[in-house]
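Colleague: Any chance you can model this:
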Amino acid sequence: NGTALAQTFQFSTGNWTDDPDSLPLKYVFEYITEHGLITSINEYSTKPNTSSAMPLGWSDANDVTFGLPLLAKAMDVFGGVSSPINTTIRSLPMPASEAVAFIANQTNAIAGLLDTGSDEELKAAAVAVAAAASVLSYVMDSSDPSDAEAVEKALELRSTFLGAFTSSSQSLSSSSSVESFAVAIQGLTASKPDSLSKDEQSDVLGSVQSLANSSKTIGAISMTAASSGVTAMSNMITGGVFGSTNGSGVSDTIGTTISVLGDALTGNMVAGEDAVELTSDHMGVSALLVSPALLGKIPVTVSTAMAKNNKNSKASVQPSFALPPDMLSEAMSSDAGDKTVTSVNFATNPYESQGGLVAVDDSTDGARRRRRRLLASGDAGDTMNATKTTTAGALQKGSSVT
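Modeller: Numbers count the residues shown, from 1 in each chain. Below you'll find the model as predicted:
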């Protein structure tokens, strides 16, 4: 137990067993965010211990306030991963004025980690920023008049971190680092998204797009990273990013980012598997892999995960629609390989502030854009669905974690 961010927590695990030819084991420590996502504190290592500053606890289960669920797992030399063992720590808040002063004193150290370019150091910086983000959100949500100055400072610190992430998010080389950055960005945008400036909104969208591009290059993305990225974009919608002053470029950026996320999500899929689905307040995203060999034999039907704020999100039937054959004719030649089809459901029309669904453009590029932005209300009431097609162990649990 200790103070969020200000105290270094020490973690260790032991008493794991496995066949001798599966050794040595490697260990990873993780925590569960208040959004129910699991994210790692460290990379897998042969060391059965680690230390880290931690985010603010959020769970009040079993009469434990500010509880933070913690997990530990082991992996053998063949890549087999154990079931996790778990415990709960208490990670307590500081007074608001002390919290922002402490975080302000940490910005240079975090900036130093971000400047190194080392993936390990970048992950360490992102883990630290995720912890800081949870504390900043706690301060920003304060309704105590005496905290007003601290709230303003918290907003400034958030802006500093968002700006620093813009360039660093382009230099990641592991799924673990991408995940830590995505969790941090989601945390930074969770509170008061309506107070973000146009430039700060652009920083967020640019960082999420960079994370998607990095994941596509890596060839995979964790569900935690993808979900955090989608939620961060949804937070921008809450903050008014689709306002008329931002123009249609915002919709294009979000659409492109979702498409690239779809490519990363289907990187390890086999055509015919169920779609991967992600949901957030303003967006529902589905991604599946389609084989050209199936075309002409079965309809290519896309189901769409519903945005939580969609008025029909509680409906028993999930919206779906068949893709027009001519939309896929160019991309789906028999020798083109499997393709990713990504669908997004918006709780509200993202193009409304620009005067309609899609701007009229009779150029060749405009026709392609309209084809990519196929929109259909389907069974989703007056919400919008958009699609895009692109190329595409035997361990025993340990007995303790402390």
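Colleague: Touching, residue 127 and residue 41? I think so.
Modeller: Yes. Assessed by CB atoms under 8 Å, residue 127 is found in contact with residue 41 at 6.2 Å. Where C-beta positions appear, they are placed from N, C-alpha and C, glycine not excepted.
Colleague: residues shared between the contacts of these two?
Modeller: Counting by CB atoms under 8 Å, 6 or more residues apart in numbering, the shared contacts of residue 127 and residue 41 are residue 52.
Colleague: so how many other residues sit close to residue 15?
Modeller: 11 (other CB atoms under 10 Å).
Colleague: nope, residue 111 is what I meant
Modeller: Neighbour tally, residue 111, other CB under 10 Å: 14.
Colleague: Low-confidence bits of this structure, can you list those?
Modeller: Scanning the chain for pLDDT under 70 picks out 244-248, 293-299, 313, 315-316, 323-336, 353-402.
Colleague: which stretches of it form helices?
Modeller: Remark: helices assigned in the chain by DSSP state H are 96-116, 119-140, 148-168, 175-189, 198-218, 223-238, 249-265, 325-328, 364-372.
Colleague: what's the span of stretch 31-51, first residue to last?
Modeller: Distance between the boundary residues of stretch 31-51 (CA to CA, to the nearest Å) amounts to 13 Å.
Colleague: Buried residues in stretch 97-104, which are they?
Modeller: Within stretch 97-104, the residues that count as buried by 16 or more other CB atoms under 10 Å are 99, 100, 103.
Colleague: Contact partners for residue 183?
Modeller: Counting by CB under 8 Å, 6+ apart, residue 183 touches 33, 37, 39, 126, 130, 224, 225, 228.
Colleague: For the fifth one, list the residues it contacts.
Modeller: When the contact criterion is CB under 8 Å, 6+ apart, the partners of residue 130 are 39, 55, 180, 183, 184, 187.
Colleague: what's the answer for the fourth one, then?
Modeller: Residue 126 makes contact with 177, 180, 181, 183, 184, according to CB under 8 Å, 6+ apart.
Colleague: excluding its backbone neighbours, what's nearest it?
Modeller: Residue nearest to residue 126 in three dimensions, not counting chain neighbours: residue 180, with 3.7 Å by CB to CB, 6 or more residues apart in numbering.
Colleague: Would you confirm that that neighbour contacts residue 123?
Modeller: Yes. Counting by CB under 8 Å, residue 180 does reach residue 123; the two are 5.0 Å apart.
Colleague: For the contacts of residue 183, name the two members farthest from one another.
Modeller: Using CB to CB, these span at most 14.0 Å, a distance reached by 37 and 126.
Colleague: What is the neighbour count of residue 159?
Modeller: By the measure other CB under 10 Å, the count of residues near residue 159 is 17.
Colleague: what about stretch 106-117, distance to the chain center?
Modeller: 22 Å (CA atoms, centre = their mean, to the nearest Å).
Colleague: List the contacts of residue 125.
Modeller: With CB under 8 Å, 6+ apart as the criterion, the residues that contact residue 125 are 110, 113, 114, 168.
Colleague: wait, which of the residues you listed is closest to residue 242?
Modeller: Using CB to CB, residue 168 comes nearest to residue 242 of the contacts of residue 125, at 26.6 Å.
Colleague: measure the closest residue to the closest one other than its chain neighbours to residue 36 for me?
Modeller: Among residues not flanking residue 168 along the chain, residue 114 sits closest, at 4.5 Å (CB to CB, 6+ apart). Look at residue 114 and residue 36: by CB to CB, to the nearest Å, they are 28 Å apart.
Colleague: Neighbour count for the two, which is higher?
Modeller: Each of residue 114 and residue 36 has its neighbours counted (other CB under 10 Å); residue 114 has more, 22 against 9.
Colleague: ok, the more buried one - contacts?
Modeller: 121, 122, 125, 164, 165, 168.
Colleague: what about 6 Å?
Modeller: 125, 164, 168 (CB atoms under 6 Å, 6 or more residues apart in numbering).
Colleague: Chain neighbours aside, what residue packs nearest to the first one?
Modeller: Setting aside the residues directly before and after it, residue 125 is nearest to residue 113 in space (CB to CB, 6+ apart), at 3.7 Å.
Colleague: and residue 163, how many neighbours does it have?
Modeller: Residues lying near residue 163 (other CB under 10 Å) number 13.
Colleague: tell me the contacts of it?
Modeller: Counted by CB under 6 Å, 6+ apart, residue 163 has contacts residue 203.
Colleague: begin at 22 from here
Modeller: Fine by me, first position is 22 from now on; the one you just mentioned is residue 184.
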